[in-house]
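>>> here's my sequence, what's the structure:
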Amino acid sequence: MNEEHLNAVFAALADPTRRAILARLAKGEASVKDLAEPFAMSSPAITKHLKVLQRAGLISQGRQAQWRPCKLETKSLQEAFDWIETYREFWEESFDRLEDYLQELQKEDAVNNKPKNKSGEKKNARNK
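Below you'll find the model as predicted:
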């Protein structure tokens, strides 16, 4: 996915109305009228949202006689997910390394904080 397309996908996903439209389309095809129904906005405003989603490759609009059904397109979502996944893997590996380091510090701390005997020496098997 090129950077311009990725920017278009994330810009489209940034709007809650467009995310709601995608959530509705995840259940199946719908007409523009059906998509506009839950929103208190004009038909031209919904059409603008649909055009943003189309340019980002997130939906397509067909034609069946008088009906123009909108359909979710998953390829762009998958590409955005793949891009995000690389960063998730990076952070997961970073947290794993941090966890290993913290466990190492805890072991060192446990060794360095052994109880001492009356003479100030650390107790070990020989001088108990």
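>>> going by C-alpha atoms from here, please, whenever you check contacts or count neighbours.
Fine.
>>> shaky segments in this protein?
Low-confidence segments of the chain (pLDDT under 70): 1, 115-128.
>>> gap between Gln106 and Ser76?
According to Cα to Cα, to the nearest Å, Gln106 stands 45 Å off from Ser76.
>>> wait, Gly62
Distance of Gly62 to Ser76, computed by Cα to Cα: 18 Å.
>>> out of the two, which sits in the more crowded spot?
Neighbours per residue, other Cα atoms under 10 Å: of Gly62 and Ser76, the larger number sits with Ser76, 19 against 12.
>>> list the contacts of that one.
Val9, Ala56, Gly57, Leu58 (Cα atoms under 8 Å, 6 or more residues apart in numbering).
>>> what do you get if the cut-off is 6 Å, keeping everything else the same?
Gly57, Leu58 (Cα atoms under 6 Å, 6 or more residues apart in numbering).
>>> can you give the distance of the helix or strand harbouring it from its chain's centre?
Using DSSP states H and E, Ser76 maps to helix 75-112. Taking Cα atoms, centre = their mean, to the nearest Å, the mean C-alpha location of helix 75-112 is offset from the chain mean by 16 Å.
>>> please identify the buried residues of it?
Within helix 75-112, the residues scored as buried using 16 or more other Cα atoms under 10 Å are Ser76, Leu77, Glu79, Ala80.
>>> quick check, nearest of those residues to Leu35?
Nearest to Leu35 out of the buried residues of helix 75-112 is Leu77 (Cα to Cα; 19.4 Å).
>>> quick one: that closest one from Ala30, how far?
Per Cα to Cα, Leu77 is found 19 Å from Ala30.
>>> and if you look at His5?
25 Å.
>>> neighbour count: these two, which is higher?
Using other Cα under 10 Å as the criterion, His5 and Ala30 rank with Ala30 on top: 20 against 16.
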